[in-house]
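Chemist: give me coordinates for this.
(2 chains)
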Amino acid sequence: MEGVVDSPTIRPISKGAIHRICSGQVILDLSSAVKELVENSLDAGASSIEISLKDHGEESFKVTDNGCGISPNNFQVLALKHHTSKIADFPDLQSLTTFGFRGEALSSLCALGNLTIETRTKNEPVGTHLTFDHSGLVTSERKTARQIGTTVTVEKLFSPLPVRNKEFSRNIRREYGKLISLLNAYALVAKGVRLVCTNTTGKNAKSVVLKTPGSSSFKDNIITVFGMNTFACLEPLNLCISDGCKVEGFLSKPGYGSGRNLGDRQFYYVNGRPVDMPKVSKLINELYKSANSRQYPVAIMNFAVPTKAYDVNVTPDKRKIFFSDEGSLIISLREAIEKIYSPSHCSYSINRFEEPMKEPMSIELDAPRDKEDSKRISPTNTKQKEAVCSHEQIDDIPINMVKKGFQDSCINGGIVHCNEENPISKAENTLSSYGTEKSESLFSYQPRQLRTPSMSNSRIYKHAKTHERAVEKNIVENVDSSFCSNFIQSSLTKFVTVNKRKHENSCTVLSELPVLRSEMIPCQVRKTNSNTHRTVSRSFSTHHPVDDSTEVNKDELLEHCGALNDSNEVEIPVSSACNLYYGDAEKEDILNQDEVLPCADVASKDPTAPLLQSSNVTVDTPVPCSGLEICSTAPLLQSSNVTVDTPVHCSGLEICSILQFSMNDLRTRRLEKLSRSYSNSSPPERLNIKRCYAAATLENSQLENEGKTKILAAATSELERFFRKEDFGRMKVIGQFNLGFIIGKVDQDLFIVDQHAADEKYNFERLSQSTILNQQPLLQPMRLELSPAEEVTASAHMEVIRKNGFTLVEDVHAPPGLHFLLKAVPFSKNITFGAEDVKELISTLADSQGECSIIGSYKTNDPNSICPSRVWGMLASRACRSSVMIGDSLGKNEMQKILHHLSGLMSPWNCPHGRPTMRHLVDLSQVRAVRDNKEGFMHFYQVEKEPSFSFKKKKKSSQLLQFWCHSKKKKLLLCWYFK
Amino acid sequence: MRSIKRLPRAVHSSLRSCIFLFDLTRVVEELVFNSVDAGASKVHVSVGVGACYVKVEDDGCGVSRDGLVLLGEKYATLKLHCLSEMDAGIESVGFRGEALGSLSDVSLLEVVTKARGRPNGHRKVIKACTCCLCGSI
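Modeler: Presented below is the predicted three-dimensional model:
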């Protein structure tokens, strides 16, 4: 029969083949196999799940849980296809609360590998060991001893499928990697479940790949899986989106350094089920770009959605989800996230503060307790979050300068100046100080640091450490004189007149002598310092400017001084001066707690902030110096130049001290301090000033780490500054810096605005609103060659295309692919756009179909504002050329106008090319507080940073800007790092 | 713990069909595969997106009346019959015997066919893997 030959009859496939075909679709790879078993365990209510792999899962894998177990009457049907206890009928999917529901996992695993199960419920005295054949039938059953729960073992996965088996063996490493990241996803979301994954290769002992303690909060899980560093960059997210849909989770904070270079840490869950949400992911990535253009955010989000509102039965691995109303979900989500990464307000300043905050948080925590202003905590590393050390002045005194100079070591330690106000500078400084072993490095560092506030406060106890003069000179002169002096001057002028006098005195005295001061060193530090000094005068690293440091013991200081002097060949007078100084300081401490020593205050208030500055002062006239310093409480570093020139400088000089420390030590100390300070609300340290010297800090430091996070959170919230674009209108011009930047003031905050970027952005938005694209009709309509898909897009978006100046006419009768005729093209001035541009526009539209897409980097609020890239480029280039340039000298009115313009922009935070327009500089209230208090506290703190930080790198990547601005007829020198 | 029970056939069949055919593109794709496997040289697809209507016509070999009996059953195919064939490799685009069955789970399916060299065409209407109507035209 011819027909039969042509169309062979349709016959049923054999049962075995069906089983294998279907199984292969359920279990695609190692991760999906393990996933099914882990989900079974979770569905069984297990609180502990252990996954053991052999040879990365190629040989076998085993999942052990302590769930409810399987009762004996279920054994026979356990691994049969379409048998399940999780649903009974199709509508049950609407109220699904379990991970699994199809009844296919075990039967598929049977078909694809050798399955054995051990299980015991609470009703059985002993467990049962079951072996299954490939069709899912039980082949043997025996009793075995085990805990309540279930163990499922699968050996030789995919052995019945030759092709897949070969692929599986070949790619086992990759499969293994996928599995681990999948397990991470479960480890993050499973609350109260202990998850352990181990791998055994060959005869090696098994290695633990993943281990979570089964904590009950999202946050703890994140810390366990990704570490504290990552968590510090996250901010919690709690959104309520329409009709019962809630989103809980964590997102990267805005600002460079908070994100990741890869988008690999994005986990989305729907009611605890890990899923892929490409649209949400794309949305978040795009929104994050407005806050951090070069990185991807870390996103861990759980969508709590009514079970009726989505369908999980879409793909075999259940990673794809259909929402009944995804559009509105995405839109609300976008609105909510835009508030976080908002172009319309505050992203900048927040970034600033936030960055610093992360690490300083602990300090801040301490600070609030102490009564002091926590406000200022933020030592931000603008560029480096990781900055190891930041000094913060707990109290009003923002500046801590630590200079330790040892002659031998010369400059072992970096110089750290910290202004609380300029968190960024601090961090950088600290970093820099860290890395620097050379005086040169020190110089560079110092300039970076902002010192202003510190001067007045300077509590500086100076260790007179005698440094070699040469060294000192170098340091002092180069660094101090240049930067510090300026800095100091500014600070002094601003802050304390009284101090000035004192400073002046001190300055005069000091001026001659380059002084290295070890300012207050946290007790521990001090101890260490003293010890180290004694033992090793050369290695400052021993000094830990760690937070722990309370006040320096006078004795120790003295000793230090002595030691230093000895080692350093310090002049005798110096040492004596030092001694005197210390003694004075102590007296003062005792008498006046205020002045007391910032150290004391610090210790008490901020256990974390160790202010030790071993100031090495080579003082020709040591005596005056000490007296001055004590009186003023201002740490004096004086480069001889500075002091001589401006007494004010002297006060400023105070700040400079070189600290040497190791990153690790600092870090650990800081952590300790934080915890300690946290734990100790009271300032016992203060009480025991002397005690501080020795030991207190260390002991205290090791209290708890846990309080830290809370404190940190509180601190962060305090530090956050909200800057709305309307605030640009209120911004008062202070002056122009370096012919390129406008310094503006809003309330108590100083901001620096890139004049070109700001003006360019304004011009760009103005042009994009006002530029009218003229239409040029074409004499001969052009036929566009478009793919059918593009034609569909084009006909759906005719309006957008028309708005862009193109006229397309659809010719329905034309063959597919040639439906559209281009009848008119836009032009503007001498630039004409053509067929290529309309094609690009169409492909952009096609790319961005869907509600979540954001097109172009401007006008993000208006999804209709799509334009070809050439139009955008034309506008950007025109905006650039018509804008104020860097190097243009601007009058006050012009500057005010530029700032005013910014307030009316859609998104004033970046220029069209992505450069930031504005950054936060310093909080003046800090500075003022310093003046009022006349006390300086040095806060040293260490940002979480890798010990491998290299100063040189930093140096290259950043450029130091100094600027002067005139404020209240006083000069303020600010040093700023720009990337 | 609830005991493990077998899901009704219709339930697991629909569960599977939902996965197999989760959007319109997939539906059309499967039908076009069938046409291609039938050796068609012309395939005409009409889609009514709003009405959720799909029609695929081809000039392939068609299905004989005998074949029509099993057509629409799950896991019935002319492309593969035993495991050994599967291991040997499959030349046709489809082989699982799931497309039409799954399609009937998620829609009302009508098949109109005339095998080459046969005088009569046949029509079969299927819903949820069961034949609602089968006759000559």
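Chemist: tell me the pLDDT at residue 58?
Modeler: All of this is about chain A. Per-residue confidence (pLDDT) for A:Glu58: 90.
Chemist: chain B, not that one
Modeler: 93.
Chemist: residues contacting it?
Modeler: B:Ser35, B:Ala38, B:Ala40, B:Lys42, B:Val43, B:His44 (C-beta atoms under 8 Å, 6 or more residues apart in numbering or on different chains). Just so you know, the C-beta spots here come from the backbone N, C-alpha and C atoms, and that holds for glycine as well.
Chemist: where does chain B have low pLDDT?
Modeler: Applying pLDDT under 70 to chain B flags the ranges B:1, B:81-83, B:86-90.
Chemist: quick one: the strands in chain B?
Modeler: In chain B, the segments counted as strands under DSSP state E are B:5-6, B:43-48, B:53-58, B:76-77, B:108-113, B:122-127, B:130-136.
Chemist: please read the previous query as pertaining to the stretch 51-200 of chain A.
Modeler: Taking DSSP state E, counting those that start in this stretch as the test, the strands found in the stretch 51-200 of chain A are A:60-65, A:83-84, A:114-120, A:127-132, A:138-144, A:149-155, A:194-200.
Chemist: so is the second one next to chain B?
Modeler: Put plainly, it is strand A:83-84. Yes: Strand A:83-84 reaches chain B (C-beta under 8 Å from any C-beta of the partner chain) through A:His83, A:Thr84.
Chemist: what's that strand packed up against?
Modeler: Using 3 or more C-beta pairs under 8 Å, 6 or more residues apart in numbering or on different chains; DSSP states H and E, the elements in contact with strand A:83-84 are strand B:5-6.
Chemist: give me that answer again for 7 Å
Modeler: If contacts are counted by 3 or more C-beta pairs under 7 Å, 6 or more residues apart in numbering or on different chains; DSSP states H and E, strand A:83-84 sits against no helix or strand.
Chemist: now that strand: mean pLDDT?
Modeler: Mean pLDDT, strand A:83-84: 90.
Chemist: got it, and the fifth one?
Modeler: The average of the pLDDT scores along strand A:138-144 is 93.
Chemist: may I see the buried residues of that strand?
Modeler: Across strand A:138-144, burial judged by 16 or more other C-beta atoms under 10 Å in any protein chain shown covers A:Val138.
Chemist: and for the fourth one?
Modeler: When burial is assessed from 16+ other C-beta under 10 Å, strand A:127-132 yields the following buried residues: A:Gly127, A:Thr128, A:His129, A:Leu130, A:Phe132.
Chemist: any chance of those in CSV, plus distance to A:Ile321 and pLDDT?
Modeler: Formatted as CSV, those follow (distance: C-beta to C-beta, whole Å; pLDDT from 0 to 100):
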residue, distance to A:Ile321, pLDDT
A:Gly127, 37, 93
A:Thr128, 37, 94
A:His129, 37, 95
A:Leu130, 34, 94
A:Phe132, 31, 93
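Chemist: JSON lines please, covering those and showing distance to chain B.
Modeler: Below are the buried residues of strand A:127-132 laid out as JSON lines (distance: C-beta to the nearest C-beta, whole Å):
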{"residue": "A:Gly127", "distance to chain B": "15"}
{"residue": "A:Thr128", "distance to chain B": "15"}
{"residue": "A:His129", "distance to chain B": "18"}
{"residue": "A:Leu130", "distance to chain B": "13"}
{"residue": "A:Phe132", "distance to chain B": "14"}
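Chemist: who in chain B is up against chain A?
Modeler: B:1-7, B:11-12, B:14-15, B:18-19, B:22, B:61-64, B:66-67, B:70-71, B:73, B:75-78, B:80-83, B:86-87, B:96-97, B:115-118 (C-beta under 7 Å from any C-beta of the partner chain).
Chemist: return a ChimeraX selection command for the buried portion of the contacts of B:Asp58.
Modeler: The buried residues among the contacts of B:Asp58 can be selected in ChimeraX (16+ other C-beta under 10 Å) with this line:
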select /B:35,38,40,43
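Chemist: and which of the contacts of B:Asp58 is nearest to chain A?
Modeler: Closest approach between the contacts of B:Asp58 and chain A, by C-beta to the nearest C-beta: B:Ala38, at 7.7 Å.
Chemist: excluding sequence neighbours, find me the nearest residue to that closest one.
Modeler: Spatial nearest neighbour of B:Ala38, excluding adjacent residues (C-beta to C-beta, 6 or more residues apart in numbering or on different chains): B:Gly60 at 2.8 Å.
Chemist: and if you look at A:Ala814?
Modeler: A:Arg783 is the one closest to A:Ala814 (C-beta to C-beta, 6+ apart), at 7.7 Å.
Chemist: ok, A:Asn184 next?
Modeler: That would be A:Val225: by C-beta to C-beta, 6+ apart, it lies 5.6 Å from A:Asn184.
Chemist: done for today, thanks.
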